[in-house]
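Novice: starting from these lines, generate the structure:
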Amino acid sequence: MVKITPISKSNPQDRAADNKFYAQVISSGKTDLERLAYLVAHQSTVREGDCYAVILSLIHNIVDELKQGKIVKLDKLGTFNISVSSEAEETADEVTANSVKDVRIKFRPDKRIKSSLNIKTINFTTSDKV
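Specialist: I've put the predicted structure just below:
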(Lines give C-alpha, C1' and ligand atoms only; values in the text may rest on other atoms or scores of the structure.)
Protein backbone atom coordinates (compact mmCIF):
# COMPACT_ATOMS: atom_id res chain seq x y z
CA MET A 1 0.00 0.00 0.00
CA VAL A 2 1.38 3.40 -1.00
CA LYS A 3 0.26 6.38 1.05
CA ILE A 4 -0.36 9.73 -0.63
CA THR A 5 -1.13 13.15 0.79
CA PRO A 6 -2.34 16.34 -0.87
CA ILE A 7 0.27 19.05 -1.32
CA SER A 8 -0.37 22.62 -2.42
CA LYS A 9 1.71 23.88 -5.33
CA SER A 10 1.78 27.10 -7.28
CA ASN A 11 1.80 27.32 -11.05
CA PRO A 12 5.40 28.31 -11.98
CA GLN A 13 4.14 29.90 -15.22
CA ASP A 14 1.45 31.95 -13.46
CA ARG A 15 2.46 32.91 -9.92
CA ALA A 16 -0.75 34.95 -9.52
CA ALA A 17 -2.94 31.88 -10.05
CA ASP A 18 -4.36 30.08 -7.03
CA ASN A 19 -2.43 27.08 -5.76
CA LYS A 20 -3.76 23.66 -6.69
CA PHE A 21 -3.41 20.39 -4.82
CA TYR A 22 -1.49 17.39 -6.10
CA ALA A 23 -0.90 13.91 -4.73
CA GLN A 24 2.51 13.30 -3.17
CA VAL A 25 3.80 9.92 -2.05
CA ILE A 26 4.66 9.47 1.62
CA SER A 27 7.59 7.12 2.06
CA SER A 28 6.95 4.18 4.37
CA GLY A 29 10.64 3.71 5.12
CA LYS A 30 13.85 2.68 3.44
CA THR A 31 15.27 -0.64 2.34
CA ASP A 32 19.04 -0.88 2.52
CA LEU A 33 21.59 -3.30 1.08
CA GLU A 34 21.52 -5.51 4.16
CA ARG A 35 17.75 -5.91 3.88
CA LEU A 36 18.00 -6.71 0.17
CA ALA A 37 20.71 -9.29 0.88
CA TYR A 38 18.50 -10.81 3.59
CA LEU A 39 15.51 -10.99 1.23
CA VAL A 40 17.52 -12.54 -1.62
CA ALA A 41 19.16 -15.05 0.75
CA HIS A 42 15.78 -16.19 2.03
CA GLN A 43 14.49 -16.64 -1.50
CA SER A 44 17.43 -18.77 -2.60
CA THR A 45 20.11 -21.14 -1.38
CA VAL A 46 22.72 -18.38 -1.23
CA ARG A 47 23.81 -17.12 2.19
CA GLU A 48 23.02 -13.57 3.25
CA GLY A 49 26.69 -12.54 3.51
CA ASP A 50 27.36 -13.82 -0.01
CA CYS A 51 24.37 -11.87 -1.37
CA TYR A 52 25.59 -8.72 0.36
CA ALA A 53 29.09 -9.13 -1.08
CA VAL A 54 27.75 -9.67 -4.60
CA ILE A 55 25.50 -6.60 -4.41
CA LEU A 56 28.41 -4.45 -3.14
CA SER A 57 30.60 -5.77 -5.94
CA LEU A 58 27.88 -5.00 -8.48
CA ILE A 59 27.62 -1.41 -7.25
CA HIS A 60 31.41 -0.98 -7.36
CA ASN A 61 31.55 -2.28 -10.92
CA ILE A 62 28.61 -0.16 -12.10
CA VAL A 63 30.39 2.95 -10.83
CA ASP A 64 33.68 1.91 -12.47
CA GLU A 65 31.99 1.33 -15.82
CA LEU A 66 30.16 4.67 -15.60
CA LYS A 67 33.47 6.41 -14.88
CA GLN A 68 34.74 4.99 -18.17
CA GLY A 69 31.85 6.67 -19.98
CA LYS A 70 29.94 3.44 -20.57
CA ILE A 71 26.20 2.87 -20.40
CA VAL A 72 25.48 0.04 -17.96
CA LYS A 73 22.50 -2.11 -18.94
CA LEU A 74 21.27 -4.65 -16.44
CA ASP A 75 18.69 -6.81 -18.17
CA LYS A 76 15.34 -6.88 -16.38
CA LEU A 77 16.47 -4.03 -14.10
CA GLY A 78 17.34 -1.05 -16.26
CA THR A 79 20.05 1.16 -17.66
CA PHE A 80 22.45 3.52 -15.87
CA ASN A 81 24.33 6.33 -17.57
CA ILE A 82 25.89 9.60 -16.57
CA SER A 83 24.88 13.08 -17.65
CA VAL A 84 26.56 16.38 -16.95
CA SER A 85 25.59 20.00 -16.50
CA SER A 86 28.07 22.57 -17.69
CA GLU A 87 28.73 26.25 -18.13
CA ALA A 88 27.53 27.79 -21.39
CA GLU A 89 30.46 28.69 -23.62
CA GLU A 90 30.48 31.00 -26.63
CA THR A 91 32.14 28.51 -29.01
CA ALA A 92 32.52 24.75 -29.25
CA ASP A 93 36.30 25.11 -28.83
CA GLU A 94 35.78 26.69 -25.40
CA VAL A 95 33.98 23.62 -24.06
CA THR A 96 36.51 21.68 -21.96
CA ALA A 97 36.50 19.43 -18.92
CA ASN A 98 36.57 22.63 -16.85
CA SER A 99 33.15 23.53 -18.27
CA VAL A 100 31.57 20.58 -16.45
CA LYS A 101 29.95 21.70 -13.19
CA ASP A 102 28.00 18.62 -12.06
CA VAL A 103 27.62 14.91 -12.84
CA ARG A 104 24.42 12.93 -12.38
CA ILE A 105 23.65 9.26 -12.59
CA LYS A 106 20.54 8.60 -14.64
CA PHE A 107 18.52 5.41 -14.34
CA ARG A 108 15.97 4.22 -16.86
CA PRO A 109 14.01 1.21 -15.66
CA ASP A 110 13.60 -1.78 -17.93
CA LYS A 111 10.21 -2.30 -19.57
CA ARG A 112 9.50 -5.19 -17.21
CA ILE A 113 9.94 -3.05 -14.10
CA LYS A 114 8.07 -0.14 -15.65
CA SER A 115 5.10 -2.32 -16.50
CA SER A 116 5.20 -3.93 -13.03
CA LEU A 117 4.81 -0.53 -11.36
CA ASN A 118 1.84 1.25 -12.79
CA ILE A 119 -1.46 2.71 -11.66
CA LYS A 120 -3.14 -0.70 -11.92
CA THR A 121 -0.58 -2.57 -9.79
CA ILE A 122 -0.31 -0.22 -6.80
CA ASN A 123 -2.91 0.32 -4.09
CA PHE A 124 -3.06 3.90 -2.84
CA THR A 125 -4.46 5.26 0.41
CA THR A 126 -4.62 8.88 1.54
CA SER A 127 -2.99 10.22 4.68
CA ASP A 128 -2.85 13.58 6.44
CA LYS A 129 0.87 13.13 7.16
CA VAL A 130 3.24 15.11 4.97
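Novice: element containing the residue nearest to the spatial centre of the chain?
Specialist: Nearest to the mean C-alpha position of the chain, counting by C-alpha atoms, centre = their mean, stands Phe107 at 5.9 Å. Using DSSP states H and E, the secondary-structure element containing Phe107 is strand 100-109.
Novice: tell me which other helices or strands that strand touches.
Specialist: Packed against strand 100-109 by the contact rule (3 or more C-beta pairs under 8 Å, 6 or more residues apart in numbering; DSSP states H and E) you find strand 78-86. C-beta: built from backbone N, CA, C; applies to glycine.
Novice: give me the mean pLDDT for the strand it packs on.
Specialist: Regarding strand 78-86, the rounded mean pLDDT is 95.
Novice: for it, buried residues please.
Specialist: Neighbour counts over strand 78-86 (16 or more other C-beta atoms under 10 Å) mark 78, 80-81 as buried.
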